[in-house]
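> Provided below for reference: sequence and predicted model.
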Amino acid sequence: MQNNPLRAACFTGHRELPRAGSAAYMRLKRRVRAAIALAADRGVTRFYSGGAEGFDLLCGQLVLEAQKTRPKLQLMLVLPYTGHGERFFKGDLRELVRQKEAAEEVVYLSAHYFPGCMALRNRQLVEDADLCIAYLTHAPSGTAQTVGFAREKGIEVLYV
């Protein structure tokens with residue numbers, strides 16, 4: 001854990017979540033809400049999301065929800081390329097568009113998809129963060145890779 005005050009947190013997690021509405025899903029939502037609140041209580045105001053289906057979109061949604069009682073919180077999107085999300089299912093695409101409109105900042109790391117663009121995005125999420133909030137259930141995965149980047153950087157990983 002760092003001694004410096006925290007300013008920013010990133011999210012990393014799997015695209016596959018428990019079934020929406022299930023007890024496991026509701027438990028995950030409670031844990032993410034608690035992690036956001038804990039991070040905010042520790043000084044985090046910026047929350048970086050990679051905008052992927054599943055955990056990223058859930059976290060973005062919960063940051064925007066938390067803004068109602070903590071207006072200083074900001075959602076920052078770091079997207080791998082400009083067409084990111086075009087192949088999402090309709091509900092997820094709508095949510096991504098909503099988050100892009102509500103975000104404080106949206107950064108695209110590339111104009112086009114290329115092999116390795118997701119890893120680049122994951123590394124950028126960690127570079128911008130002082131804390132990593134992770135939903136890691138299996139490896140190998142992009143989530144495990146991102147947690148590895150966080151450990152390399154020496155930032156705290158908070159598992160939900």
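Alright, I've got the coordinates. Residues are numbered from 1 along each chain as shown.
> what about dumping the CA coordinates of stretch 83-101 to CSV?
What follows is stretch 83-101, C-alpha atoms only, in CSV (Å, rounded to 0.1, in the frame of the first residue of the first chain):
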residue,chain,number,x,y,z
GLY,A,83,-14.7,1.5,-32.8
HIS,A,84,-14.6,-0.2,-29.5
GLY,A,85,-18.1,-1.4,-28.5
GLU,A,86,-19.6,-1.6,-32.0
ARG,A,87,-20.1,-5.3,-31.7
PHE,A,88,-21.6,-5.3,-28.2
PHE,A,89,-25.1,-6.6,-27.7
LYS,A,90,-27.6,-3.7,-27.8
GLY,A,91,-28.0,-3.3,-24.1
ASP,A,92,-24.3,-3.2,-23.5
LEU,A,93,-23.8,-0.8,-26.4
ARG,A,94,-26.5,1.5,-25.0
GLU,A,95,-24.8,1.4,-21.6
LEU,A,96,-21.4,2.2,-23.2
VAL,A,97,-22.8,5.1,-25.1
ARG,A,98,-24.5,6.4,-21.9
GLN,A,99,-21.2,6.1,-20.0
LYS,A,100,-19.3,7.9,-22.8
GLU,A,101,-21.7,10.7,-22.6
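> Buried residues in it, which are they?
Within stretch 83-101, the residues scored as buried using 16 or more other Cβ atoms under 10 Å are 84-85, 88, 92, 95-96, 99-100. C-betas here are computed from N, CA, C, even on glycine.
> same thing with stretch 16-26?
Across stretch 16-26, burial judged by 16+ other Cβ under 10 Å covers residue 17.
> could you say what helices and strands the longest helix along the chain packs with?
Longest helix of the chain, by residue count under DSSP state H: helix 23-41. In terms of contacts (3 or more Cβ pairs under 8 Å, 6 or more residues apart in numbering; DSSP states H and E), helix 23-41 is packed against helix 55-66, strand 131-135, strand 156-159.
> a markdown table please, covering the ones you listed and showing distance to residue 150, mean neighbour count and mean pLDDT.
Listed next are the helices and strands packed on helix 23-41 as a markdown table, based on distance: least, Cβ to Cβ, whole Å; neighbours: other Cβ atoms under 10 Å; pLDDT from 0 to 100:
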| stretch | distance to residue 150 | mean neighbour count | mean pLDDT |
| --- | --- | --- | --- |
| helix 55-66 | 15 | 22 | 98 |
| strand 131-135 | 4 | 23 | 98 |
| strand 156-159 | 5 | 16 | 98 |
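> Dump those to JSON lines, plus distance to residue 148.
As requested, the helices and strands packed on helix 23-41 are exported to JSON lines (distance: least, Cβ to Cβ, whole Å):
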{"stretch": "helix 55-66", "distance to residue 148": "17"}
{"stretch": "strand 131-135", "distance to residue 148": "10"}
{"stretch": "strand 156-159", "distance to residue 148": "10"}
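> That'll do, ta.
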